[in-house]
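Peer 1: Everything below, folded, please.
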Amino acid sequence: LKFRSPFPRAMAISVAMPSRRRGARAGRLAPRTAEQEQPSRRALLAGPIAAVAASSLQPLEAGAFGPVQMPMSDIRYERVTCIPEKGEALKGTKATFGLQPMCVKVTATVTNNEGRVLKKAGVFGRINDKVGETSVIANAVDGASDVGQCALIETIDKGTTDINFRFVAAVEKAAKELPELEFKQLKAVWYPGGDRFEPLSECEINSLAEGC
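Peer 2: Below is the predicted model:
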């Protein structure tokens with residue numbers, strides 16, 4: 001006996017076809033495996049790694065990423081006439097009440113090992129009235145801090161050389177002469193782009209001042 005399907009042959013074929021299409025579509029939409037993704041990840045990482053490796057082989061400029069500190073020795077000083085037009089005066093603050101300005105020119109020896117001229121170096125340290133044991137730096141009259149900049153050095157030549165700078169000492173109004181000074185941990189500090197230490201001009205402090 002032969003079994004005969006109750007459905008026409010064309011219908012049987014059309015019923016079977018969708019299962020094959022679903023299978024084919026599922027194959028096309030299957031997610032990429034980790035092994036397939038690995039080459040593309042390597043390609044993405046190769047560029048940055050190569051760039052970092054190449055930059056590490058480049059020579060770095062000495063002192064380019066940090067301050068250059070130059071301790072001062074053989075310090076000499078003398079009183080000079082103040083020049084108010086250049087800002088050599090005391091600001092009218094409570095810290096300087098009862099004090100008068102006396103301008104001082106300092107000469108000291110420093111060593112610049114950078115192999116080039118350094119410009120706009122800041123002067124940091126303690127400057128005291130040796131007898132009174134008090135600070136004469138206007139921005140640190142309590143003597144509690146030596147981090148404030150008290151002066152600016154325009155240029156420092158290569159090697160060991162003498163430098164000059166001026167600062168305004170804040171002394172008692174009753175004083176007739178500059179007291180004996182004591183210098184502690186005095187140093188010049190230079191940063192790349194050393195103009196960060198340049199004092200603000202009168203116009204930068206007060207844009208409404210005369211002549212600004």
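Peer 1: ok, Lys158 touching Val117?
Peer 2: Yes - counting by C-beta atoms under 8 Å, Val117 is a contact partner of Lys158 at 6.5 Å. (Each C-beta comes from the backbone N, C-alpha and C, glycine too.)
Peer 1: Between those two, point out the one with more neighbours.
Peer 2: When Lys158 and Val117 are compared for neighbours, Lys158 comes out ahead with 13 against 10, by other C-beta atoms under 10 Å.
Peer 1: can you pull the contacts of the closest residue to that one other than its chain neighbours?
Peer 2: Leaving aside its sequence neighbours, Lys158 sits nearest to Asn112 (C-beta to C-beta, 6 or more residues apart in numbering; 5.5 Å). With C-beta atoms under 8 Å, 6 or more residues apart in numbering as the criterion, the residues that contact Asn112 are 68, 70, 118, 156-161.
Peer 1: do that again at 10 Å, thanks
Peer 2: Counting by C-beta atoms under 10 Å, 6 or more residues apart in numbering, Asn112 touches 63, 68, 70, 118, 121, 155-161, 163, 188, 190.
Peer 1: residues near Lys91, how many?
Peer 2: The burial count for Lys91: 13, using other C-beta under 10 Å.
Peer 1: just to revisit the earlier point, if I look at the residue nearest to Lys158, how far off is Lys91?
Peer 2: 32 Å (C-beta to C-beta, to the nearest Å).
Peer 1: cool, and Ile127?
Peer 2: 17 Å.
Peer 1: Show me where this structure has its strands.
Peer 2: Taking DSSP state E to define them, one finds strands in the chain at 68-71, 73-80, 99-112, 118-129, 134-135, 149-156, 159-172, 181-190.
Peer 1: wait, doesn't Arg79 sit right on Lys105?
Peer 2: Yes - counting by C-beta atoms under 10 Å, Lys105 is a contact partner of Arg79 at 7.9 Å.
Peer 1: Find residues that contact each of these two.
Peer 2: Joint contacts of Arg79 and Lys105 (C-beta under 10 Å, 6+ apart) do not exist.
Peer 1: For this structure, which residues score under the pLDDT cut-off?
Peer 2: Low-confidence segments of the chain (pLDDT under 70): 1-65, 92-95, 139-148, 193-212.
Peer 1: Look up which residues are beta-bridged to Met149.
Peer 2: Slight slip there: residue 149 is Gln, not Met. Phe124 (DSSP bridges).
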